[in-house]
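>>> This is a predicted model, with the sequence first.
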Amino acid sequence: MNVIRAVGRLWLIPVTLVVWEIATRAAEQPFFPPPSATLARMGEMWLSGPATHLLLTEQALDDFGPSLARLFAGWALAAVIGVAAGIAIGCSSRLSGYLDPLIHLGRAVPPPLLVPFFLALLKLSTPAQLTTIVFGIIWPILLNTIDGTRTVDRQHLETARIFGFSTVERLTRVIIPAAMPKIFAGLRLALSLALILLIIAEILAGSGGLGYRLLTAQRTYLYTDMWGCLVVLGLLGYLLNSAFLLMERRVLAWHRNARQTT
Amino acid sequence: MLEITDLVHSYGSHRVLDGVSIRAAEGELVCVVGPSGCGKSTLLRSVAGLIRPTGGRVLIDGKPVDRIPDNLAVVFQDYSRSLYPWMTAANNVALPLRRRGLDRQRRREAAMAALDQVGLADAAEKYPWEMSGGMQQRVSIARALAYRPSLLLMDEPFGSVDAQTREDLEDLVLRVCAHHGMTTLLITHDIDESVYVGDRVVVLTRSPARVAADLPVGLGESRDQIATRQLDAFVRLRAEVGRLVRGGSSTSNVLEKH
């Protein structure tokens, strides 16, 4: 029943593709290649390699390898820094008094503007790209962690005090688990932002990767290649979000269930 | 064992406790009853060391409470916010025992024993949100028991459960407190309950709270939900506490009129 319903909701996708196919074929515009041509070109570019490499071509490794590495490295770095700093700031009203204005100022700066600055500062493109990603995505993680840490239920904390939990126990057994739902919300938002910033960073400070491929395809009038990049980026974002939701559902099972029953 | 002397507390200019003195002997179960909002919870929080009262003092075993005593456990009314929803029942009960210097195995054993005492041996691996309200409150009673406090504080512990569960929990508390010889201070607004559960009933006045009366219950050790509540002594005492809670005249006047 559920399967039928799920399939039922998906009918719009093939219909859109068919309409798009017909429209682009009728229009015969070089900027809008038909989806079939885009898909064929994607297969040719990335999935026509030897079976020993899971059909991945050399170009696929060149395009996806560095991009995914930057994406995950940037996200992980932002997660570690954001969560650690967020807990520290959330627990200390003195620290947050000093840092709150700075955080809100930092958050307001559009991160792409800082790419030239980071490039000048760090010379190499990869550190500059990573810094851009981290700077761009750390805010939702940081702010959500601060908020989650600050809004732990008073009675949870009083129970910890009554039973004499040590500082470490209070942090690891009470405050961090209680803040987890908000931390995860921040991490998920940051993941989708990371993809956007990755492409911006690769376009602005490029040397390989999907963003760079997109830029060169556009500059050399290879519009089918460009569309291939756009499609694959959309798919990548969707996959990342789904994978994260799956993980969140496992880690935060208690939260979902506790909310449903009360 | 517990000596509360002239306890005064104000929130700003609003006085909540106005010189409350209560004593509890070793192993005694004292019920504090009073009208809603009269400052009962403030009293409990002062005894627990969660707030510093404006005046007066609290001694536990002769030692002043200036921070949270390490031989004290609390059962709160709102079990859903007191138990940690990210831990199983057994882990909720076992966590405070780290402080007692027990290793993992011992903590586990103590937690299982306590859960067994409250009739939840089979629910050790359940999460709080998989349990009914009564079961959750049993877990938080088990957590207090496993901790082996010399003083147990209960803040309206049966205020959020249905009538049947409430009677079961009252009997459970009577049984385990007697079994462990724990000194217990139970705060409630339920007149019936205070007489049924207590060795003594302390009645507080409307805010700012003062002690209106301190009455021995004298119903003996064993109590039964049906039989005890039918006893003349029970009915008389309940009526008296009821009058006092409503701010009625003192006992002696009422008796003289008859």
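That came in fine, so what should we check first? Residues are numbered from 1 along each chain as shown, chains lettered A, B, ... in the order given.
>>> tell me which residues in stretch A:64-84 are buried?
A:64, A:66-67, A:70-71, A:73-75, A:77-79, A:82-83 (16 or more other C-beta atoms under 10 Å in any protein chain shown). No exception for glycine: its C-beta is placed from N, CA and C like everyone else's.
>>> now do stretch A:120-131
A:Leu122, A:Ser125, A:Thr126, A:Ala128, A:Gln129, A:Leu130, A:Thr131.
>>> can you list contacts of that stretch?
Here stretch A:120-131 makes contact (C-beta atoms under 8 Å, 6 or more residues apart in numbering or on different chains) with A:70, A:73-74, A:77, A:114-115, A:118-119, A:198, A:201-202, A:205-207.
>>> ok, now stretch B:45-65?
Contacts with stretch B:45-65, where a contact means C-beta under 8 Å, 6+ apart, come from A:158, A:161-162, B:1-10, B:17, B:19-21, B:42, B:66-69, B:71-72, B:74, B:150-151, B:153, B:185.
>>> State the mean pLDDT of that stretch.
Stretch B:45-65 carries an average pLDDT of 89.
>>> which parts of it are buried?
B:Arg45, B:Ser46, B:Val47, B:Ala48, B:Gly49, B:Leu50, B:Pro53, B:Gly56, B:Val58, B:Ile60, B:Val65.
>>> try stretch B:19-35
Applying 16+ other C-beta under 10 Å to stretch B:19-35 flags B:Val20, B:Ile22, B:Ala24, B:Glu28, B:Leu29, B:Val30, B:Cys31, B:Val32, B:Val33, B:Gly34, B:Pro35 as buried.
>>> distance of the nearest residue to the last one once chain neighbours are set aside from A:Leu122?
This means B:Pro35. Spatial nearest neighbour of B:Pro35, excluding adjacent residues (C-beta to C-beta, 6 or more residues apart in numbering or on different chains): B:Arg206 at 5.3 Å. Separation of B:Arg206 from A:Leu122 (C-beta to C-beta, to the nearest Å) stands at 69 Å.
>>> cool, and B:Pro85?
44 Å.
>>> With B:Ala73 instead?
B:Ala73 is 56 Å from A:Leu122, by C-beta to C-beta.
>>> now do A:Phe32
38 Å.
>>> for the residue nearest to A:Tyr221 when sequence neighbours are not counted, helix, strand, or coil?
Spatial nearest neighbour of A:Tyr221, chain neighbours left out: A:Pro30 (7.6 Å); criterion: C-beta to C-beta, 6+ apart. Per DSSP: H, G, I helix; E, B strand; the rest coil, the local secondary structure of A:Pro30 is coil.
>>> isn't A:Pro30 right next to A:Tyr223, touching?
Yes. Between A:Pro30 and A:Tyr223 there is a contact at 5.8 Å, judged by C-beta atoms under 8 Å.
>>> Mind checking which of the two has more residues around it?
Comparing A:Pro30 with A:Tyr223 by other C-beta atoms under 10 Å in any protein chain shown, the one with more neighbours is A:Tyr223, at 18 against 9.
>>> ok, that one to B:Gln136 distance?
For A:Tyr223, the distance to B:Gln136 - C-beta to C-beta - is 62 Å.
>>> Kindly confirm whether my reading is correct that B:Glu221 touches B:Ala178.
Yes. The criterion here is C-beta under 8 Å, and B:Glu221 meets it with B:Ala178 at 7.0 Å.
>>> In terms of packing, which of these two has more residues around it?
B:Ala178 (15 against 7).
>>> Can you tell me the SS state at that one?
helix.
>>> for it, what are its contacts?
So B:Ala178 contacts B:Glu221 (C-beta under 8 Å, 6+ apart).
>>> B:Glu156 now?
With C-beta under 8 Å, 6+ apart, B:Glu156 has these contacts: B:Lys40, B:Ser41, B:Gln77, B:Ile187, B:Thr188, B:His189.
>>> Spatially, what comes nearest to residue 182 if we skip its sequence neighbours?
Going with chain A. A:Gly148 (3.3 Å).
>>> um, chain B though
B:Met182 sits nearest to B:Leu152 (C-beta to C-beta, 6+ apart), 5.0 Å away.
>>> which secondary structure element contains that neighbour?
Taking DSSP states H and E as the criterion, B:Leu152 maps to strand B:151-155.
>>> ok, and what's touching that strand?
Applying C-beta under 8 Å, 6+ apart, the external contacts of strand B:151-155 come out as B:1-2, B:40-41, B:44, B:47-48, B:60, B:69, B:71-77, B:144, B:173, B:177, B:182-187.
>>> Quick check: ChimeraX command selecting the buried ones in the residues you listed.
Command for ChimeraX that selects the buried part of these, burial taken from 16+ other C-beta under 10 Å:
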select /B:2,40,41,44,47,48,60,69,72,73,74,75,76,77,144,173,177,182,183,184,185,186,187
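>>> Tell me where chain A is predicted with low confidence.
A:1, A:260-262 (pLDDT under 70).
>>> Quick one: residues contacting the one residue in it that gets nearest to chain B.
Closest to chain B within chain A is A:Phe163: 3.6 Å, counting by C-beta to the nearest C-beta. By C-beta under 8 Å, 6+ apart, the residues touching A:Phe163 are B:Ala73, B:Leu95, B:Pro96, B:Arg99, B:Arg143, B:Tyr147.
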